[in-house]
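Asker: pasting the structure only:
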């Protein structure tokens, strides 16, 4: 079987390229048949790849320039073509790589991916995903911030893309879909949501649509795919991050609040270690801008090597899946369905 | 000093009237100079008040009818005047009670409160508050679901009401205010938010406005008052509840996952007890529909006695504060400011 090739922006992230190369090493040890096209300044990455024993699985692609983490996307776009980030994305466009990974500037990466890969036919607005830990395992939430808003057509597109993505990520054959709302009653919520719900129920789309879900249903794993607009999704994601951090601080305080509690915590350390692992955001690192002609995975800029390896693993899973064809097929069903209803009206 | 009188809907809540009466008893033991007007079926509450030794601080107001938890607000409105919930709200309207408390049907309570107390002058849309635990203590978030949307004028009104409310609840003289957005940069987000931010910065309003905050800033306690529309606020609140429940399940699992972890947990029990107390939603029970001519506190329907006592305590704090006058003064500053800008345009 031919090896999969992933393109890596070695220069993106708060601690690039060190964390990137450490993450690659972790991933490489776990999956043997993946090769890497590593984009960055040759002088910054060559020694690091050598010392980690990765040279025989890597091709180094030199770029003089680096997009900084704080740069405005518009500024980065003007000199895109000299940067490692652009190089990594272009490798997907050119068909050399099955997917690209970058932990760099989010806005710039989205802009580069849009410009290089272009939107799939039938997609008006790409959507950013998040993988969300739940009591049942994990779910996909989208859009978590690629757009400020979404109309009902866009929400339907998000559902189609999210379903194919969840299938690739979770392995479930028919992921369930919910529409984020306030109150789960049929008649509640904005008109946009009611229209989208009506569309998502239509049998022609072939979706496993479960209706409305509320904020608390996300972490309960009520559905595999939670569909919402980019504003609401981003607020929900960051609110959950803040809450998890708050509760973690409570736990820390509870278990260090006296000699006896500390002894108890020491005894319970194996359980608490698993707790830390579960709470570790690196387990769910990796967002994908869905709806483009190619896969670009955005790693969190501040992630550690383990988190970076998670993002690379996500890229490999997607590249090896039928996700792109499935999205295309879903969008075709969506557009056929629209045409029919237009004719009969 | 004259006693404060609170009116209580004894029949609202999943386990009414038992939890209501237990909560009243807890509260009554803590604050001596508060009396209660207890609205409900006399046959259902009299013996309970007697057995709890509360009769000398209560006046029982009999109502034949009860609003059920699952009833549609429109149906409840049609027969409002025979119900205990209506009676409790009307006691505020009539000036006999300083505030009302109900753990009953949320939609019905909001509708009754709007119909009986009416909106304050200058308020187009009332807003529902939540008290949010943070690393710094607690913050106020509004609107958490009274409306589906909010324009920039309404967000400004929410900020004025939220500030006065936070002052009454937290005791801070100049609560800080943030506008919930995605990204904290000036130029990010919806136009509605940009307009609202511009207004909130105007010195005439006299607000301690700190600009945009993101979802993760809420639990970090970045500001005392988080202003948002009812859809986003409701999703954020419920997402936080779900996340807290998820993390609590992880903690439970970690500390019961083997004999040694269990022993550790037993040793750490005093710390873990404080953790449970901190995580207990009854600590922050009580939402208020701001913007009416009177205070009605909504308790969670499924709360326990401790949670109900928290909601009664919130009602007592608000009734004893200058919150209503302060909101009125803030709204006057807002309307003056609008008139001036209209003239100069």
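Answerer: Right, received. Where do you want to start? Please read all numbers here as calculations on a predicted model, not as lab measurements.
Asker: near chain B, which residues of the stretch 51-200 of chain A?
Answerer: Proximity of the stretch 51-200 of chain A to chain B is confined to A:133-135, A:145, A:148-149, A:180, A:182, A:189-190 under the rule CB under 8 Å from any CB of the partner chain. Where C-beta positions appear, they are placed from N, C-alpha and C, glycine not excepted.
Asker: what bridges to the spatially most central residue of chain A?
Answerer: With distances taken as CA atoms, centre = their mean, the residue of chain A nearest its centroid is residue A:287 (1.6 Å). According to DSSP bridges, the partner residues bridging residue A:287 are residue A:298.
Asker: Run through the residues that contact it.
Answerer: For residue A:287, the contact set (CB atoms under 8 Å, 6 or more residues apart in numbering or on different chains) comprises A:128-130, A:144, A:297-298.
Asker: Now tell me what touches stretch A:10-21 from outside.
Answerer: A:8-9, A:38-41, A:44-45, A:48-49, A:52, A:54, A:63, A:66-67, A:69, A:83-85, A:102-105, A:109, A:299, A:301-305, A:308.
Asker: returning to that earlier point: from the residues of the stretch 51-200 of chain A next to chain B, which shows the smallest pLDDT?
Answerer: pLDDT across these is lowest for residue A:189, at 72.
Asker: How many neighbouring residues does it have?
Answerer: Residue A:189 has 20 neighbouring residues, counting by other CB atoms under 10 Å in any protein chain shown.
Asker: Distance-wise, check the closest residue to it other than its chain neighbours relative to residue A:303.
Answerer: Counting by CB to CB, 6 or more residues apart in numbering or on different chains, residue A:181 is the residue found nearest to residue A:189 once chain neighbours are left out, at 4.3 Å. Taking CB to CB, to the nearest Å as the measure, residue A:181 falls 32 Å from residue A:303.
Asker: With neighbour numbers in mind, choose between the two.
Answerer: A side-by-side neighbour count of residue A:181 and residue A:303, using other CB under 10 Å, places residue A:181 first with 26 against 23.
Asker: Pull the contacting residues for the more buried one.
Answerer: Contacts for residue A:181 (CB under 8 Å, 6+ apart) come out as A:188-189, A:193, A:212-214.
Asker: can you list the domain ranges for chain A.
Answerer: Domain segmentation of chain A under automatic domain parsing yields A:1-121+A:291-322, A:124-284.
Asker: Quick one: closest of the ones you listed to residue B:244.
Answerer: Among the domains of chain A, domain A:124-284 comes nearest to residue B:244, with 5.7 Å by CB to CB.
Asker: measure that closest one end to end?
Answerer: Its first and final residues considered, domain A:124-284 spans 27 Å by CA to CA, to the nearest Å.
Asker: cool, stretch A:247-263 as well?
Answerer: Using CA to CA, the end-to-end distance of stretch A:247-263 comes out at 21 Å.
Asker: Report the buried residues of that stretch.
Answerer: Of all the residues in stretch A:247-263, those buried under the rule 16 or more other CB atoms under 10 Å in any protein chain shown are A:247-248, A:250-251, A:254-255, A:257, A:261.
Asker: Return only those of the residues you listed found close to chain B.
Answerer: Among these, proximity to chain B is found for A:247-248, A:250-251, A:254-255, A:257, A:261 (CB under 8 Å from any CB).
Asker: Most proximal residue of the stretch 51-200 of chain A with respect to chain B?
Answerer: residue A:182 (4.0 Å; CB to the nearest CB).
Asker: doesn't residue B:143 make contact with that residue?
Answerer: No. At 10.7 Å, residue A:182 does not count as touching residue B:143 under the criterion of CB atoms under 8 Å.
Asker: Now do the shared contacts for these two.
Answerer: Jointly contacting residue A:182 and residue B:143 under the rule CB under 8 Å, 6+ apart are residue B:230.
Asker: Of these two, which one has the most company?
Answerer: Comparing residue A:182 with residue B:143 by other CB under 10 Å, the one with more neighbours is residue B:143, at 31 against 24.
Asker: Which parts of chain A are strands?
Answerer: In chain A, strands defined by DSSP state E lie at A:4-9, A:34-40, A:58-62, A:99-102, A:127-133, A:138-142, A:176-180, A:208-213, A:225-227, A:287-290, A:296-298, listed in chain order.
Asker: who touches the worst-scoring helix or strand of chain A on mean pLDDT?
Answerer: The weakest-scoring helix or strand in chain A, judged by mean pLDDT, DSSP states H and E, is helix A:269-279 (a mean of 70). With contact meaning CB under 8 Å, 6+ apart, helix A:269-279 is reached by A:133, A:244, A:248, A:251, A:255, A:265, A:283, B:247, B:250-251, B:253-258, B:260-261, B:264-265.
Asker: Identify the residues contacting stretch A:160-169?
Answerer: Contacts to stretch A:160-169, defined as CB under 8 Å, 6+ apart, come from residues A:123, A:127, A:129, A:131, A:138-140, A:142, A:172-173, A:175, A:177, A:205, A:207-208, A:224-225, A:227, A:288, A:290-291, A:314, A:317-318, A:321-323, A:326-327, A:330-331, A:333-334.
Asker: now do stretch A:230-239
Answerer: Residues outside stretch A:230-239 that contact it (CB under 8 Å, 6+ apart): A:127-128, A:130, A:132, A:141-150, A:180, A:215, A:218, A:226, A:228, B:180, B:182, B:189-190, B:214-219, B:228, B:231-232, B:235-236, B:239-240, B:243.
Asker: again, but for stretch A:53-68
Answerer: The contact list for stretch A:53-68 (CB under 8 Å, 6+ apart) reads A:7, A:11-12, A:21, A:24-25, A:28, A:34-42, A:45-46, A:49, A:76, A:79, A:82-87, A:91, A:104-105, A:108.
Asker: Might you list the low-confidence residue ranges for the stretch 101-250 of chain A?
Answerer: Applying pLDDT under 70 to the stretch 101-250 of chain A flags residues A:184-188.
Asker: ranges for the helices of it?
Answerer: With helices called from DSSP state H, counting those that start in this stretch, the stretch 101-250 of chain A shows them at A:106-117, A:152-170, A:191-201, A:215-220, A:230-254.
Asker: Now the residue of the stretch 51-200 of chain A closest to chain B: closest residue in space that isn't a chain neighbour?
Answerer: Per CB to CB, 6+ apart, closest to residue A:182 is residue B:234, 4.0 Å.
Asker: now do residue A:129
Answerer: Residue A:129's closest residue in space is residue A:142 (CB to CB, 6+ apart), at 4.5 Å.
Asker: my read: that neighbour touches residue A:290, true?
Answerer: Yes. The pair residue A:142 and residue A:290 qualifies as a contact (CB under 8 Å) at a distance of 6.6 Å.
Asker: who touches both of these two?
Answerer: Counting by CB under 8 Å, 6+ apart, the shared contacts of residue A:142 and residue A:290 are A:127-129, A:158, A:161-162, A:165.
Asker: Return the member of those nearest to residue A:198.
Answerer: Distances from residue A:198 to the shared contacts of residue A:142 and residue A:290, taken by CB to CB, are shortest for residue A:158, at 15.5 Å.
Asker: For the closest one, give me its contacts.
Answerer: Residues near residue A:158 by CB under 8 Å, 6+ apart: A:127, A:142-143, A:150, A:227, A:290.
Asker: buried subset of these?
Answerer: For the contacts of residue A:158, a neighbour count by 16+ other CB under 10 Å gives the buried set as A:127, A:142-143, A:150, A:227, A:290.
Asker: Residue A:198: which of those is nearest?
Answerer: Closest approach to residue A:198 among the buried ones among the contacts of residue A:158 (CB to CB): residue A:227, at 13.8 Å.
Asker: Is that closest one bridged to anything, and to what?
Answerer: Here residue A:227 sits in beta bridges with residue A:142, residue A:179, going by DSSP bridges.
Asker: That one contacts residue A:179, doesn't it?
Answerer: Yes. Judged on CB under 8 Å, residue A:227 makes contact with residue A:179 at a distance of 5.3 Å.
Asker: ok, residue A:170 - how many residues close by?
Answerer: Using other CB under 10 Å, the number of residues around residue A:170 comes to 17.
Asker: so what's it closest to, chain neighbours aside?
Answerer: Spatial nearest neighbour of residue A:170, excluding adjacent residues (CB to CB, 6+ apart): residue A:224 at 6.2 Å.
Asker: Thanks a lot, see you next time.
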